[in-house]
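S.K.: Starting from these lines, generate the structure:
(one chain, ligands or ions: 1)
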Amino acid sequence: MIPIAKPFTGEEEIEAVTEVLRSGMLAQGKNVAQFEEDFAKYCGVREAVAVNNGTAALHAALLALGVSSGDEVIVPDFTFFATASSVCMCGARPVFADVDEKTFNVAVDSVEEKISPKTRAVIGVHLFGQPFDVTPLRELCEDAKIPLIEDAAQAHGATYHGKKVGGLGDAACFSFYPTKNMTTGEGGMVTTDNRDLAVKIRVIINHGQSEKYLHTCLGYNYRMTDIGAAIGLVQLRKLGSFNTRRQETAAFYDDHIPADGIETPVVVPGMTHVYHQYVLKVTPECRLSRDQLAIALRDKGIGTAVHYPIPLHRQPVFEECARKGSCPVADQLAGEVLSLPVHPLVTDKEREYICECINEVT
Ligand SMILES: Cc1ncc(COP(=O)(O)O)c(C=O)c1O
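M.R.: Numbering: from 1, shown residues only. Sure thing, here's the model as predicted:
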């Protein structure tokens, strides 16, 4: 089976982890500090705070920006659950904005419609590895005097008009889950240019301690381990080559997948897409439905996935929050999207085989 995702780690990561184990300093130590410094530099921002996963990154950033009970935070309806669950973790309510049918990214006019006096922040997601249209959303947030958070969990290294994601909003949140463009096992990072905000986040992720055993707010243990950071330091050095390989495979798919009823990803001018996922749209014009195509490919040994089968406003847990209007584009996409393997370990032969199979069955 060609897997839909596969982490790419090697001898260097094994050596780095072994060194940490031998050092005896397993929790937060010099590797975390170095990883934060290198990641901040990579994103072109002043501060990076390492945490234990991407959800914790979002939760800590929202708390530090003052989101609390009674507030609303606007999030795209078509994204991974954690973009919205992190809002609920602050006691606030996610309000779902619809997305663009071509890029799958948040639709700025839908965000505008959903802004209310209770809106305390907006989270934009660089979905599947392509930046959302930051400038108009940022202007909207500036007019409303609310912060813009980038959910960059799927977009390490993507650029928006030449600038790396991670420094485009008030704060940005990354995930290093094993299927992501780079990994630390589990892990996350908050990046920001705002030093005061970074200080607040460092307190929140360390039990609310402003100094040892002095707890000035309700905090959490969201710290990254030195083991994870050691892996992250190696992976960050490889990220460029990982992303290039993803982009090459995506370009191959763009050229070799037939157009009849199947739409390949649309990349907006000015953006670089780092293809965390390569997502097809299987439209009603295709001979097979999305689910039939997934089954036909599975029978040929090709793993696919649906990101995401249920828009957030239809998730049972968010029933209460879904009252603020519908999201028809997200509904439609949930029935049409299909992700192909695009991770850097997909071989030339495998991608040729995948295209041949799609040609054959459709
Ligand atoms: C868009 C998005 N946001 C947030 C997260 C949460 O990250 P983590 O799984 O590291 O908690 C993910 C992870 O899949 C994600 O894809």
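
S.K.: quick one, what contacts the residue of the stretch 201-350 of the chain found nearest the ligand?
M.R.: The ligand sits closest to residue 276 of the stretch 201-350 of the chain, with a gap of 7.7 Å, by CB to the nearest ligand atom. Where C-beta positions appear, they are placed from N, C-alpha and C, glycine not excepted. Each residue near residue 276 by CB atoms under 8 Å, 6 or more residues apart in numbering is listed here: 128, 129, 154, 155, 180, 181, 246.

S.K.: Go through these and name the one nearest residue 294.
M.R.: The shortest approach to residue 294 among these belongs to residue 128, at 17.1 Å (CB to CB).

S.K.: Find the nearest non-adjacent residue to that closest one, please.
M.R.: Among residues not flanking residue 128 along the chain, residue 277 sits closest, at 4.3 Å (CB to CB, 6 or more residues apart in numbering).

S.K.: still on that earlier bit, so the residue of the stretch 201-350 of the chain closest to the ligand, which state does it fall into?
M.R.: coil (DSSP: H, G, I helix; E, B strand; the rest coil).

S.K.: Quick check: phi and psi at it.
M.R.: Dihedral pair for residue 276: phi -50, psi -40, per degrees, to the nearest 10.

S.K.: Residue 154 is in contact with the residue nearest to residue 128, correct?
M.R.: Yes - using CB atoms under 8 Å, residue 277 is in contact with residue 154, at 7.2 Å.

S.K.: Which neighbours do those two have in common?
M.R.: 128, 129.

S.K.: all helices for the stretch 101-250 of the chain, in order.
M.R.: Assigned by DSSP state H, counting those that start in this stretch, the stretch 101-250 of the chain shows helices spanning 108-114, 134-144, 195-204, 226-256.

S.K.: Quick check: next helix or strand after the helix or strand hosting residue 291?
M.R.: Counting by DSSP states H and E, the element that carries residue 291 is helix 290-299. Scanning forward in sequence from helix 290-299 by DSSP H and E, the next helix or strand is helix 328-336.

S.K.: got the contact list for the helix or strand following that next one?
M.R.: Later in the chain than helix 328-336, the nearest helix or strand by DSSP H and E is strand 337-340. Strand 337-340 has contacts (CB under 8 Å, 6+ apart) with 4, 104, 128, 253, 277-282, 290, 293-294, 302, 304-308, 354.

S.K.: Tell me how many other residues surround the residue lying closest to residue 144 once chain neighbours are set aside.
M.R.: Computed as CB to CB, 6+ apart, the closest residue to residue 144 that is not its neighbour in sequence is residue 115, at 5.5 Å. Residue 115 is flanked by 18 other residues according to other CB atoms under 10 Å.

S.K.: next one: residue 337
M.R.: Number of residues near residue 337 (other CB under 10 Å) recorded here: 22.

S.K.: The ligand contacts on the protein?
M.R.: Within the chain, the positions near the ligand by CB under 6 Å from any ligand atom are 53-55, 79-80, 82-83, 125, 151, 153-154, 175, 177, 188.

S.K.: Can you tell me which of the residues you listed is nearest the ligand?
M.R.: Out of the residues of the chain next to the ligand, the member with the shortest distance to the ligand (by CB to the nearest ligand atom) is residue 54, at 2.5 Å.

S.K.: While we're on that closest one, how confident is the model there?
M.R.: pLDDT, residue 54: 98.

S.K.: residues in contact with the residue lying closest to it once chain neighbours are set aside?
M.R.: Nearest residue to residue 54, sequence neighbours excluded (CB to CB, 6+ apart): residue 175, at 2.7 Å. Contact analysis of residue 175 by CB under 8 Å, 6+ apart lists 53, 54, 55, 57, 153, 154, 187, 188.

S.K.: Can you verify my assumption that the fifth one contacts residue 179?
M.R.: The one in question is residue 153. No - the pair residue 153 / residue 179 is not scored as a contact, 10.6 Å apart, by CB under 8 Å.

S.K.: about what we covered before: ok, now which ones touch the residue nearest to residue 144?
M.R.: Contacts for residue 115 (CB under 8 Å, 6+ apart) come out as 74, 140, 144, 146.

S.K.: What's the separation between the last one and the ligand?
M.R.: When you say that, I think you mean residue 146. In this view, residue 146 and the ligand are 20 Å apart by CB to the nearest ligand atom, to the nearest Å.

S.K.: repeat for residue 20
M.R.: For residue 20 relative to the ligand (CB to the nearest ligand atom), the value is 20 Å.

S.K.: Tell me who's in contact with the residue nearest the centre of the chain.
M.R.: Compute the mean C-alpha point of the chain, and by CA atoms, centre = their mean the closest residue is residue 153, 2.4 Å away. Contact analysis of residue 153 by CB under 8 Å, 6+ apart lists 54, 80, 82, 125, 173, 174, 175, 177, 180, 188.
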